[in-house]
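[1] here are the coordinates; sequence isn't available:
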Ligand SMILES: NC(=O)c1ccc[n+]([C@@H]2O[C@H](COP(=O)([O-])OP(=O)(O)OC[C@H]3O[C@@H](n4cnc5c(N)ncnc54)[C@H](OP(=O)(O)O)[C@@H]3O)[C@@H](O)[C@H]2O)c1
């Protein structure tokens, strides 16, 4: 049975993705800072889907632990999905370096650190799929979240370069660009219902895009066109907007 590793497995989006892949008969490796918190999900996946599920401790910002974490996995995953992220507090991060580095290290540096090891392993094996959950926030900086957005922009560019490198080794890299999604991250934000996806919709689109060997998927699909418009607003106008 194929195995999928989910990094940042405790989030609403990750849980939906785990359920989707388990339903497709993948064994599931769940990794999060607090591995104990994953046991109920692990049990549920095993009982409901008759697959093997396991849990691991993983901290995206503990970079030096990443090689040992990956080495210690009893089965090397066929698919690795990087879901963890941290929205943080933009205003605080403007003057508090600790908050700024937490946002940068969680969304960018931590992802690069762990995926570099996964990428080398997949390149050597000549197969595998790497999926990164980035964000449309990385497509144009806005005053309300440009530290998070710039970290996601870096992650999106990293995934693009990784795809270009690993294509020649038979490894598939999928970039996921969600718009708004109803999760713990956004529970205090007033989100427009028409533009906002449920975690389950993200999970289905991630699975289908991985199966179809797509390069980039937007959830919901029309975010591709919303971002096309936003990216084409002239800078002279864009800088005057309160976004
Ligand atoms: N929600 C949206 O509208 C939206 C839109 C675009 C992109 N995204 C992206 O989608 C992904 C999932 O986000 P979500 O909306 O489901 O948010 P969430 O509920 O806040 O989940 C974030 C997850 O990241 C984990 N995490 C944070 N720091 C970590 C670290 N140092 N090491 C390991 N795990 C860490 C958290 O783990 P703990 O459980 O330990 O806190 C949590 O499970 C993120 O990459 C986010 O940036 C979300």
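    Happy to help now that I have it. Computed from a predicted structure; not experimentally measured.
[2] I'd assumed residue 25 was in contact with residue 51.
    Yes: here residue 51 reaches residue 25: they are 6.2 Å apart, a contact under C-beta atoms under 8 Å. The C-beta positions use only the backbone N, C-alpha and C, and glycine is treated the same way.
[3] looking at the two, which one has more neighbours?
    residue 51 (19 against 11; other C-beta atoms under 10 Å).
[4] so how far is residue 90 from the more buried one?
    40 Å (C-beta to C-beta, to the nearest Å).
[5] get me the contact residues on this protein for the ligand.
    Counting by C-beta under 6 Å from any ligand atom, the positions of the chain adjacent to the ligand are 8, 10-13, 32-34, 58-61, 83-86, 106, 133, 135, 178, 180-181, 183-186.
[6] mind listing the strands for this protein?
    If DSSP state E is used as the criterion, the strands of the chain fall at 3-7, 27-32, 53-57, 79-82, 129-133, 172-178, 180-181, 196-197, 216-219.
[7] just send these back as a markdown table, with mean pLDDT too.
    Converted to a markdown table, these look like this (pLDDT from 0 to 100):
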| stretch | mean pLDDT |
| --- | --- |
| strand 3-7 | 98 |
| strand 27-32 | 98 |
| strand 53-57 | 98 |
| strand 79-82 | 98 |
| strand 129-133 | 98 |
| strand 172-178 | 98 |
| strand 180-181 | 96 |
| strand 196-197 | 96 |
| strand 216-219 | 97 |
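[8] which of those strands sits closest to residue 139?
    Between residue 139 and these, the shortest separation by C-beta to C-beta is 7.6 Å, and it involves strand 172-178.
[9] so what touches that closest one?
    Identification of contacts with strand 172-178 by C-beta atoms under 8 Å, 6 or more residues apart in numbering yields 13, 128-136, 139, 156, 159-160, 162-163, 166-167, 197, 202, 205-206, 209-210, 213-219, 223-224, 227.
[10] now, of those residues, which are buried?
    By neighbour count, with 16 or more other C-beta atoms under 10 Å, those hold 13, 128-136, 139, 156, 159-160, 162-163, 166, 197, 202, 205-206, 209-210, 216-219, 223-224, 227 as buried.
[11] neighbours of the closest residue to the ligand within the chain, how many?
    Residue nearest to the ligand within the chain: residue 85 (2.3 Å; C-beta to the nearest ligand atom). Residue 85 is flanked by 25 other residues according to other C-beta under 10 Å.
[12] spit out the contact partners of it.
    So residue 85 contacts 8, 11, 106, 107, 133, 135, 152, 185 (C-beta under 8 Å, 6+ apart).
[13] tabulate the strands of the chain in TSV, adding columns for distance to residue 97.
    Output for the strands of the chain, formatted as TSV (distance: least, C-beta to C-beta, whole Å):
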stretch	distance to residue 97
strand 3-7	25
strand 27-32	26
strand 53-57	27
strand 79-82	25
strand 129-133	26
strand 172-178	28
strand 180-181	28
strand 196-197	32
strand 216-219	32
